[in-house]
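> pasting the sequence and the predicted model now:
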Amino acid sequence: MKILVCISSVPDTTTKINFTPDNKSLLTQGVQFIINPYDEIALTRALELTEKEGGKVTVITVGDHSTEPVIRKALAVGANDAIRVDAVPRDAFFTASQIAKAATENNYDLILCGHESIDYNGARIPSMVAEMLRIPSVTICKKLTIEGKVLTAEREIEGGKEVVECPLPAVVSASEGMAAPRIPNMRGIMSARTKPLAVTQAVDVPKLSEVIGYDKPQPRSTVQLIPADQPEKLIELLHTQARVI
Amino acid sequence: MSVLVYVEHSEGKIKKSSFEATTYGKDLSVMLNLPCVAVAIGNISAEELKLLGAYGASKVVHCNSPELSSFSAQSYAGAVASVAAEEKAKVVLLSASFSVKGMAPRVAVKLQAGFADGVISMADVSSGFKVRKGAFSGKAFANISMYSDIKVITISPNSYKILKGEGSAEVVINSYKPGAEENKVKVKETIRATDKISLPEAEIVVSAGRGMKGPENWGMIEDLAASLGAALACSKPVADAGWRPHSEHVGQTGVTISPNLYIAIGISGAIQHLAGVSSSKTIVVINKDPEAPFFKAADFGIVGDALEIVPKLTDAVKRFKAAH
């Protein structure tokens, strides 16, 4: 089984976000970058599936040279090889087009992604890639198993879950619970240095949208403290002042 | 030409988030001087669909072929894109539910449309077409300019005020059938806790963390949530420890929410947690540590032991509900 795992290099979850003076991009100085946490879950599940059934895991990212540490981390965790499409991602359509092109050239049985990146929170790439390849997709999945050429996944729905079945090839996006991320060991880290990392050129696609500026939420005014023995006071304030109950 | 709104339903009823999307669609259609048309897929009565008229839809297109009786991102996206083409939609609007997150990007690819997800306010159409959405998991906002002729937009639930007027929409049947290639995902089982309020759509959310000491103390959290008609949530450490299911985890790597009222009990307020809840309209924090960072991000706070305060608060809510 050949699995392609899409990974994204994102600021560590503890990062305080700041932007460049023109507000158009993230200020990356002093920011630690990690594998997007959902992508790490997807990668771990891909490794578990190939360890059981046999096969190969390739990771792909669309990004410039600065994303290579994150790719090496994925290789250290256990991916067999990697593809880096050498471009700064413009929008989801651009990124999905690059991944779809790589997928077309290599015939994967399964494409696994994190359900969203924690920087742009779009949850767009998995479904766009599936649509471009004209194959089925199951998104926001907490469980994934594969039996022969058929996958079974448990996906989240409002107030519950749905168990679905679908033939391969397909795209699946991973949410929390699908697998517990692994920490690379010394042997993994050493071997990651020599695993193949192909750098490819991006295909050009029309620009459909772009971020014209970021801004940060306004801070809240000072907290109003209520004595612990007067919970009815809180209820009153929520009713008369905040008007939320 | 039109503004097309995709309408979701559950157990025969239109979802609240779809009334929200329809109101948004109607307000946008007025600015663009276009009619607002709705599209619904699957088993739902014409009577129910007519209700959309009161929210501003002039017409509802109902795709009801048997092949569309259960959700599949591929076949539903095909139906919406087909209706969008027939109605010459300039904008396709959807509410960002779990299912929509899996189908809206497909609609955008099919229509070769620009796509913006999780939009939180009305589009700015004064020059060009601009929308605003949360980014960096609630730590920032992104303003996006869309250049394509057709735009596909999903709206974050609870971000636009529903406005109900008068009127009934005309319902027309559309016979779109997905091809076998588009309908390969088969639903084997649906498990729905019918008494549970869905977290992303909830107006009030009661959330608890490690300050609760252990899963055995969650009864009082459930009681408080029930008294308020609130959905339940929890912090990441609590989900990781297995005290609560991951589906309840709110925060940067969990569910991002924007309810009217968020009550955080025994949660210190780590940056990753704040990221997922910071767009809540009102935040109440109950924590025994007065230095807990969450107090800096809260509107109201009580310093004290959650195990003592929560039952008293539930009683106070019940008294309030009885009096109002």
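Great, that's in hand.
> contacts only, for the residue nearest the centre of chain A.
For chain A, the residue sitting closest to the mean C-alpha position, by C-alpha atoms, centre = their mean, is A:Gly114 at 3.5 Å. A:Gly114 makes contact with A:6-8, A:36-42, A:173-174, according to C-beta atoms under 8 Å, 6 or more residues apart in numbering or on different chains. All C-beta atoms are positioned from the backbone trio N, CA, C, and that covers glycine.
> with those in mind, which one is nearest to chain B?
Nearest to chain B among those is A:Pro37, at 4.8 Å by C-beta to the nearest C-beta.
> buried residues, the lengthiest helix in chain A. List them.
If you go by DSSP state H, chain A has its longest helix at helix A:37-53. The neighbour-count check on helix A:37-53 (16 or more other C-beta atoms under 10 Å in any protein chain shown) flags A:37-50 as buried.
> show me what the residue nearest to the centre of chain A is bridged to.
Beta bridges link A:Gly114 to A:Ala174, judged by DSSP bridges.
> next one: B:Thr154
On the basis of DSSP bridges, B:Thr154 is bridged to B:Leu94.
> okay, now it: neighbour count?
29 (other C-beta atoms under 10 Å in any protein chain shown).
> that one contacts B:Phe98, doesn't it?
No. Using C-beta atoms under 8 Å as the test, B:Thr154 is too far from B:Phe98 to be in contact (11.5 Å).
> need the nearest residue in space to A:Leu197, chain neighbours excluded.
Once flanking residues are discounted, A:Leu197 sits nearest to A:Ala82: 4.6 Å by C-beta to C-beta, 6 or more residues apart in numbering or on different chains.
> list the helices and strands the helix or strand A:Val85 falls within packs on?
Taking DSSP states H and E as the criterion, A:Val85 maps to strand A:81-86. Applying 3 or more C-beta pairs under 8 Å, 6 or more residues apart in numbering or on different chains; DSSP states H and E, one finds that strand A:81-86 contacts strand A:56-62, helix A:68-77, helix A:92-106, strand A:197-201.
> got the buried residues for stretch B:164-172?
Result for stretch B:164-172 [16+ other C-beta under 10 Å]: buried residues B:169, B:171.
> pLDDT of that stretch, averaged?
Averaged over stretch B:164-172, pLDDT sits at 95.
> same question, stretch A:186-197
96.
> ok, and what's touching it?
So stretch A:186-197 is contacted by A:68, A:71-73, A:75-84, A:184 (C-beta under 8 Å, 6+ apart).
> mind giving me the PyMOL select for those, buried ones only?
Only the buried entries of these go into this PyMOL selection, using 16+ other C-beta under 10 Å:
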select buried, chain A and resi 68+71+72+73+75+76+77+78+79+80+82+83+84+184
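> what about A:Lys16, how many neighbours?
A count of nearby residues for A:Lys16, using other C-beta under 10 Å, gives 11.
> out of everything not next to it in sequence, what's closest to it?
Nearest non-adjacent residue to A:Lys16, counting by C-beta to C-beta, 6+ apart: B:Ile271, 7.1 Å away.
> got the contact list for that neighbour?
A:13-14, A:16, B:139, B:252.
> ok, 10 Å please
Contact partners of B:Ile271, counting by C-beta atoms under 10 Å, 6 or more residues apart in numbering or on different chains, are A:13-17, B:137, B:139, B:251-252, B:278, B:293, B:297.
> out of the helices and strands packed on strand A:81-86, deepest packed?
strand A:56-62 (a mean of 24; mean count of other C-beta atoms under 10 Å in any protein chain shown).
> report the angle between that strand and strand A:81-86.
Angle between the axes of strand A:56-62 and strand A:81-86 is 10 degrees (criterion: axes from the mean of the first three to the mean of the last three C-alpha atoms, to 10 degrees).
> residues contacting residue 143?
Picked chain A for this. By C-beta under 10 Å, 6+ apart, the neighbours of A:Lys143 are A:45, A:152-155, A:161, A:163, A:174-175, A:177-179.
> was after chain B, sorry
A:23, A:211-215, B:124, B:130-133, B:135.
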